[in-house]
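Participant: Just a sequence and a predicted model for now, questions to come.
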Amino acid sequence: MNRKTILSEQDMPRAWYNIQADLPNPLPPPLNPATGEPITPDMLSPILPMNLIEQEVSTERWIDIPDQVIERLLMWRPTPLYRAYALEKFLGTPAHIYFKNEGVSPPGSHKPNTAIAQAYYNKVFGTKRLATETGAGQWGSALAFACNQFGLELKVYMVRVSFNQKPYRRIMMETWGGKCVPSPSPDTNAGRKYFEQNAEHPGSLGIAISEAIEDAVTSKDTKYSLGSVLNHVMLHQTIIGLEAQKQLAMVGEYPDMVIGCAGGGSNFAGISFPFIRDKIHGKEIKIIASEPTSCPTLTKGPYVYDFGDTAQTTPLLPMYSIGHDFVPAPIHAGGLRYHGMAPLVSRLLVDGLIEARAYSQLETFAAGLMFARTEGFIPAPETNHAIACVIEEARKAKEEGKEKVILMNWSGHGVIDLSSYDAYLSGKLEDYALQDEEIAKLVKDLEKYPKPR
Amino acid sequence: MNIYCSQLGMIIEFSYCVSMNEGLPCRNAIRCWRDRMDIEHYLKEILGEEGFHKNFSGLPKTRLERIIELVNNLGEKG
């Protein structure tokens, strides 16, 4: 009974898999919002080095991993594939549950798989300095680690509300030599207008993105780096699934289903794309993206007020713009409009190659606790969405008496996110409907904020 | 009242959700809170019908579209 399956360093994949080569329907090009014309590579050149732009638009199936990237990835890769025997036993399921432990990287998540590659390509391009934004700090810390490896300077604009509440991620960034500032900051035009109104402005991801882009465009030898959504980010993450394929073959198994949590899509892409290739070529396999009910990008699509007709003659109607539940999204001229989700992942959903499920925050933390109390490792809160899905499928396998093989991407550990667990354990996280008096309290709480214009 | 914000990857307060966008609500506020309260009614009260529609109308831009828009606005690097 092997708990871990370890791939040798020599057997680590030497090429990334590019799913764009196998897509049944090519990805429509994104459009420039100013002109309505397709975005061309040269439009990205102020913020990305040309070698990464080439990867962004490449349709080559396999892209060699440079030796210097391999050398750095070997610091923690290949990551172990675990058989979750204790969780299986606890659930009493006949399912075989495997998880790919991406929490063993120095920053503790899958993010450095692309951070290392992006830092390398910037270095060889001649970039001296990178700018980026980060929400809770996972991406910022991964990029700080990667920039340190290749001798690049880094400035991270971290949403202030997170900067204040999550000091450990900031300290990680600074330990690796990155500079982390709370956003809005006084350092950019985009940040200054908010900072000068209120030096304690809580910030938002949108403001932090604006600051990082401005920094990259206006500073010498500086480029921008993004840890999700873009095609080349998905590409770099495929090493996860490629390793898992080899490891499962070592134990004579092939998954009935592959499960990953989907935020910006990169960890889901990493575990699933190589298996989706198998599916496109005839394998029977279920691929599930798991996401929060509170932000059901894939299961519900953006809830927006939209015109009921293209001529915009009807009143504004509240609706899910992609239709209810699992109705595929209409493909607009600008491509798929899943806010914050990688276009490649969205495309796969529309093509029926993947499915999506949503779980409430209480379900996901309960799942994370069950995992920590059986398998030992404390998962990152986003990883808990994948675990909730695995548990659901393992229970279904028990009901059906079927020995299903389930593969999950365990995308990161939650040791730096313990405040979220604390909120859950102390009953501060709830899914139930709010009563009027509670809403009144929330409204009162709002008085400290500036009124909308 | 708190909620786990999947965009920021942390626990945040309701007050942040409804004021983080230059005093206006997050685009996700309706989806995040609608199972727990009549968030649309509440937002219409504080924003007014027009303000509500202005905030939530239209399709959101994709991340890449937002980035290109920012780059266009900033112009070429000197």
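Facilitator: Noted; the coordinates are in hand.
Participant: Tell me which residue of chain B lies closest to chain A.
Facilitator: Scanning chain B for proximity to chain A using Cβ to the nearest Cβ identifies B:G9 as nearest, at 3.4 Å. Any C-beta I mention is one placed from the backbone N, CA and C, and that applies to glycine too.
Participant: Give me the neighbour count for the nearest residue to that residue once chain neighbours are set aside.
Facilitator: Closest residue to B:G9 apart from its sequence neighbours, by Cβ to Cβ, 6 or more residues apart in numbering or on different chains: A:A136 at 3.4 Å. Counted with other Cβ atoms under 10 Å in any protein chain shown, residues neighbouring A:A136 total 26.
Participant: Contacts only, for A:A136.
Facilitator: Going by Cβ atoms under 8 Å, 6 or more residues apart in numbering or on different chains, A:A136 touches A:S162, A:K166, A:R169, A:D417, B:L8, B:G9, B:M10.
Participant: Can you classify it as helix, strand or coil?
Facilitator: coil (DSSP: H, G, I helix; E, B strand; the rest coil).
Participant: how close does the closest residue to A:K246 other than its chain neighbours get to A:Q247?
Facilitator: Excluding the flanking residues, the one nearest A:K246 by Cβ to Cβ, 6+ apart is A:L7, at 5.7 Å. A:L7 sits 6 Å away from A:Q247 when distances are taken as Cβ to Cβ, to the nearest Å.
Participant: Return every residue with contacts to both of these two.
Facilitator: Common contacts of A:L7 and A:Q247 (Cβ under 8 Å, 6+ apart): A:P78, A:L81.
Participant: who's more crowded, the two?
Facilitator: A:Q247 (23 against 19).
Participant: Which element, helix or strand, includes the more buried one?
Facilitator: Assessed by DSSP states H and E, A:Q247 sits inside helix A:239-250.
Participant: who's in contact with that helix?
Facilitator: Contacting residues not belonging to helix A:239-250 are listed as A:5, A:7, A:11-13, A:16-17, A:65, A:73, A:77-79, A:81, A:98, A:100, A:102, A:110, A:113, A:254-255, A:258, A:267, A:270-275, A:405, A:407, A:409 [Cβ under 8 Å, 6+ apart].
Participant: Now which of those would you call buried?
Facilitator: Burial by neighbour count, judged by 16 or more other Cβ atoms under 10 Å in any protein chain shown, picks out A:5, A:7, A:12-13, A:16-17, A:65, A:73, A:77-79, A:81, A:98, A:100, A:102, A:110, A:113, A:255, A:258, A:267, A:270-275, A:405, A:407, A:409 from those.
Participant: Need the pLDDT of the residue most central in space within chain B.
Facilitator: In chain B, the C-alpha nearest the mean C-alpha coordinate belongs to B:C26, at 1.8 Å (Cα atoms, centre = their mean). In this prediction, B:C26 carries a pLDDT score of 86.
Participant: Assess the claim that it and B:C17 are in contact.
Facilitator: Yes. Between B:C26 and B:C17 there is a contact at 5.2 Å, judged by Cβ atoms under 8 Å.
Participant: Could you tell me which residues touch both of the two?
Facilitator: In contact with both B:C26 and B:C17: B:C32, using Cβ under 8 Å, 6+ apart.
Participant: The helix or strand where B:I3 lies and chain A, are they touching?
Facilitator: Using DSSP H and E, B:I3 sits in strand B:2-5. Yes. Residues of strand B:2-5 contacting chain A under Cβ under 8 Å from any Cβ of the partner chain: B:N2, B:I3, B:Y4, B:C5.
Participant: Packing partners of that strand?
Facilitator: With contacts taken as 3 or more Cβ pairs under 8 Å, 6 or more residues apart in numbering or on different chains; DSSP states H and E, strand B:2-5 sits against helix A:361-374, strand B:10-13, helix B:14-17, helix B:29-33.
Participant: following the last one, which helix or strand comes up?
Facilitator: Note on helix B:29-33: by DSSP H and E, the next helix or strand toward the C-terminus is helix B:39-56.
Participant: which secondary structure elements does that next one contact?
Facilitator: Secondary-structure packing of helix B:39-56 (3+ Cβ pairs under 8 Å, 6+ apart): strand A:303-307, strand A:316-320, helix B:29-33.
Participant: Can you read off the backbone torsions of the residue in chain A that chain B sits nearest to?
Facilitator: Per Cβ to the nearest Cβ, A:A136 is where chain A lies closest to chain B, at 3.4 Å. Note on A:A136: its backbone torsions stand at phi -90, psi -10 [degrees, to the nearest 10].
Participant: What are the buried residues along the helix holding A:Q247?
Facilitator: Neighbour-count burial for helix A:239-250 flags A:I239, A:I240, A:G241, A:L242, A:E243, A:A244, A:Q245, A:K246, A:Q247, A:L248 (criterion: 16+ other Cβ under 10 Å).
Participant: ok, now stretch A:53-67?
Facilitator: Buried residues in stretch A:53-67, counted by 16+ other Cβ under 10 Å: A:I53, A:Q55, A:E56, A:I63, A:I65.
Participant: And for stretch A:109-116?
Facilitator: Judged by neighbour count using 16+ other Cβ under 10 Å, the buried positions of stretch A:109-116 are A:S109, A:H110, A:K111, A:P112, A:N113, A:T114, A:A115, A:I116.
Participant: quick one: which of those residues sit in helices?
Facilitator: Counting by DSSP state H, those place A:P112, A:N113, A:T114, A:A115, A:I116 in helices.
Participant: what pairs with A:E291 across the strands?
Facilitator: Applying DSSP bridges to A:E291 gives these bridge partners: A:A358.
Participant: quick one: it from A:E355, how far?
Facilitator: Counting by Cβ to Cβ, the gap from A:E291 to A:E355 is 11 Å.
Participant: And these two? Which one has more around it.
Facilitator: The residue with more neighbours, out of A:E291 and A:E355, is A:E291; 27 against 16, by other Cβ under 10 Å.
Participant: from the middle of its chain, how far away would the helix holding A:Q247 be?
Facilitator: Distance of helix A:239-250 from its chain centroid, counting by Cα atoms, centre = their mean, to the nearest Å, is 20 Å.
Participant: Check stretch A:386-399 too.
Facilitator: 22 Å.
Participant: Can you give me the buried ones in it?
Facilitator: Neighbour count says stretch A:386-399 has A:A386, A:I387, A:A388, A:C389, A:V390, A:I391, A:E392, A:E393, A:A394, A:A397, A:K398 buried, by 16+ other Cβ under 10 Å.
Participant: element containing the third one, please.
Facilitator: In other words, A:A388. helix A:383-400.
Participant: Next SSE downstream of that helix?
Facilitator: Moving toward the C-terminus from helix A:383-400, the next helix or strand (DSSP H and E) is strand A:405-410.
Participant: who does that following strand pair up with?
Facilitator: strand A:96-101 (parallel), strand A:257-261 (parallel).
Participant: Now mean pLDDT too, for those, in TSV please.
Facilitator: Formatted as TSV, the strands paired with strand A:405-410 follow (pLDDT from 0 to 100):
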stretch	mean pLDDT
strand A:96-101	98
strand A:257-261	97
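Participant: Need the winner for burial among these.
Facilitator: Of those, the one with the most neighbours on average (mean count of other Cβ atoms under 10 Å in any protein chain shown) is strand A:257-261, at a mean of 28.
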